[in-house]
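# Here is the input, now give the coordinates:
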Amino acid sequence: MFDILIIGAGPAALIMASALAHHGLSLQGLAPTAPDTPWPNTYGVWCDELADLGLSHLLGHRWQNTVSYFGQAAATPSTHHRRDYGLFDKHKLQQHFLDQLQSMTWHRGKAAAVTHGEDHSWVTTAAGEELQAKLIIDTTGHHAALVQRPPATHAPVAYQVAYGIVGKFSKPPVAPGQCSLMDYRAEHLTSKQLGGPPTFLYAMDLGEDVFFVEETSLALAPAMAYDTLQERLQQRLKADGVEVREVHHTEHCLFPMNQPLPDLNQRVLGFGGSASMVHPATGYMVGAMLRRAPEVADAIATALGQGKVGTAVAAAGWHTLWTTERLRKHHIYQFGLETLMRFSHKELCQFFDSFFRLPQTKWSGFLADTLTPFELVMAMVTMFSQTTNPVRGGLMGGVGTDGQLLLKSLIGTP
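Predicted structure coming up:
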């Protein structure tokens, strides 16, 4: 009998398993691929968040010159964030956690069903194998294998979508040594395109004449098509006189931003995308997983150490992951997301320009979800006071359209 069975082998699985291993719990994992299978996606993070966790050595790249452009014209001045931004070295990140899990037992397969007994649960795989544990943790992402969630009742699910290229170009698509976090300049678009949903360029110099460029739709329901993003990226590069000379890797990114919260009373615990941990206003999640996994692991280990079984163990994890405070903030972020999706290109640029004029402690805390609910509201009030009238109007209109999200933020319910 194992203490924990973790479904999945991605970042959420290894981060959670590592935190649990520190408590000496017996662990087994189930995934269709080996846990050392290379991860395909790129993971960005603000460097000070990693420094606080003592994990700066996991960075593969770091930029001091991190900028954004919030305007349509090519001559739009840059906004200097004055905060280092980085990309994880995916191999180092993965191996860092695998090194802590050498005694973990791994099984190959997919979870097909789960059955619960009084003091343990067992998962049946697609091949008919049965695996038992005191607690099942599902880390299989937004389309979870076992975690249950209610259907969306307020609004259709919005998706962040991106199409990117890592390679070499005829000339640098961004300034050497620079990371462009959000480049909304759009003179390369037709008037029809400009009247549609806005997109931005996320780009950086990776060194040795290699660059990463990615056209991104922040959030849209239904999701923007990859072909649309690829076309816009090609138009952007062509307008700047940039040709693609070598393609080392293409990246396709798609994930929900406002997926309903899971049922917090269920016996299977979620973590990562399966637990709706993606930041509803930014799409970031890895930093939150690194910060929260130790808290959740502590709660699980304490519950097991106290002799708790079944629902009580899962409840300890769920209630630590989704405290009343976090639920309140989650609904505030969702309100912000719904409002952002209604903004035109010009209004969205005005919003972000005002947002990044907040004190850095405020906007960085907003992005990392480390502000208290009161601090979060006060940051929004400050931004409201210093933004443009069109943005104020959009935010006020959102109160009428999505006011129930603000009501839920006051109550702190799922």
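# Not counting stretch 94-102 itself, show me its contacts.
By Cβ atoms under 8 Å, 6 or more residues apart in numbering, the residues outside stretch 94-102 that reach it are 11, 14-15, 17-18, 21-22, 27, 35-36, 38-39, 55, 58. In this view, the C-beta of every residue, glycine as well, is placed from N, C-alpha and C.
# quick one: contacts for residue 222?
Neighbour list for residue 222: 156, 159 [criterion: Cβ under 8 Å, 6+ apart].
# which residues of the stretch 151-300 of the chain score low on pLDDT?
152-154 (pLDDT under 70).
# which residues of it fall in helices?
Remark: helices assigned in the stretch 151-300 of the chain by DSSP state H, counting those that start in this stretch are 191-194, 226-239, 286-305.
# Throw those helices into a markdown table and include distance to residue 336, thanks.
Output for these, formatted as a markdown table (distance: least, Cβ to Cβ, whole Å):
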| stretch | distance to residue 336 |
| --- | --- |
| helix 191-194 | 23 |
| helix 226-239 | 23 |
| helix 286-305 | 17 |
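# looking at those, which is buried most?
helix 286-305 (a mean of 19; mean count of other Cβ atoms under 10 Å).
# Need the residues that contact it.
With Cβ under 8 Å, 6+ apart as the test, helix 286-305 has contacts from 3-4, 11-12, 15-16, 18-20, 22-23, 25, 43, 45-46, 49-50, 53, 55, 88, 134-135, 269, 271-272, 277, 279, 312-313, 316-317, 319-321, 368-369.
# Kindly supply the PyMOL command isolating those of the contacts of stretch 94-102 that are buried.
PyMOL command restricting the contacts of stretch 94-102 to the buried ones, with burial defined by 16 or more other Cβ atoms under 10 Å:
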select buried, resi 11+14+15+17+18+21+27+35+55+58
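# Which ones among the contacts of stretch 94-102 map onto strands?
Per DSSP state E, strands hold the following members of the contacts of stretch 94-102: residue 27.
# from the contacts of stretch 94-102, which is closest to residue 359?
Here the nearest of the contacts of stretch 94-102 to residue 359, counting by Cβ to Cβ, is residue 55; it sits at 25.5 Å.
# From residue 15, how far off is the nearest residue to that closest one once chain neighbours are set aside?
Take residue 55 and drop its neighbours on the chain: the residue closest to it by Cβ to Cβ, 6 or more residues apart in numbering is residue 290, 6.9 Å away. Note on residue 290: its distance to residue 15, by Cβ to Cβ, to the nearest Å, is 6 Å.
# Also residue 295?
12 Å.
# Same question for residue 354.
If you measure residue 354 against residue 15 using Cβ to Cβ, the figure is 34 Å.
# Give me the mean pLDDT for stretch 363-380.
The average pLDDT for stretch 363-380 rounds to 93.
# Pull up the distance across it, start to finish.
End-to-end distance for stretch 363-380: 10 Å, by Cα to Cα, to the nearest Å.
# for stretch 63-81, same thing?
Termini of stretch 63-81 sit 11 Å apart (Cα to Cα).
# contacting residues around it?
Here stretch 63-81 has contacts from 83-86, 175, 177-187, 194, 204-205, 239, 345-346, 349-350, 352-353, 356, using Cβ under 8 Å, 6+ apart.
# what about dumping the CA coordinates of stretch 268-277 to CSV?
Extracted in CSV, the C-alpha atoms of stretch 268-277 (Å, rounded to 0.1, in the frame of the first residue of the first chain):
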residue,chain,number,x,y,z
VAL,A,268,-9.1,12.7,-5.9
LEU,A,269,-6.9,15.7,-5.3
GLY,A,270,-5.8,17.9,-8.2
PHE,A,271,-2.6,19.9,-8.7
GLY,A,272,-1.6,22.2,-11.6
GLY,A,273,-4.0,22.5,-14.5
SER,A,274,-6.3,19.8,-13.2
ALA,A,275,-6.8,22.0,-10.1
SER,A,276,-7.4,25.2,-12.2
MET,A,277,-4.1,26.7,-10.9
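# now the strands: where do they sit in the stretch 201-350 of the chain?
Under the criterion DSSP state E, counting those that start in this stretch, the stretch 201-350 of the chain contains strands at 210-220, 244-256, 269-270.
# Go ahead and name everything in contact with the last one.
Contact partners of strand 269-270, identified using Cβ under 8 Å, 6+ apart, comprise 135-139, 144, 147, 262, 275-276, 296, 300, 314, 317-318, 321.
# Go through the contacts of stretch 63-81 and flag which are in strands.
Going by DSSP E, the strands hold 85-86, 178-183, 204-205 from the contacts of stretch 63-81.
# can you list these in CSV and add distance to residue 341?
CSV is the format used below for these (distance: Cβ to Cβ, whole Å):
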residue, distance to residue 341
85, 25
86, 28
178, 29
179, 25
180, 22
181, 19
182, 16
183, 19
204, 26
205, 31
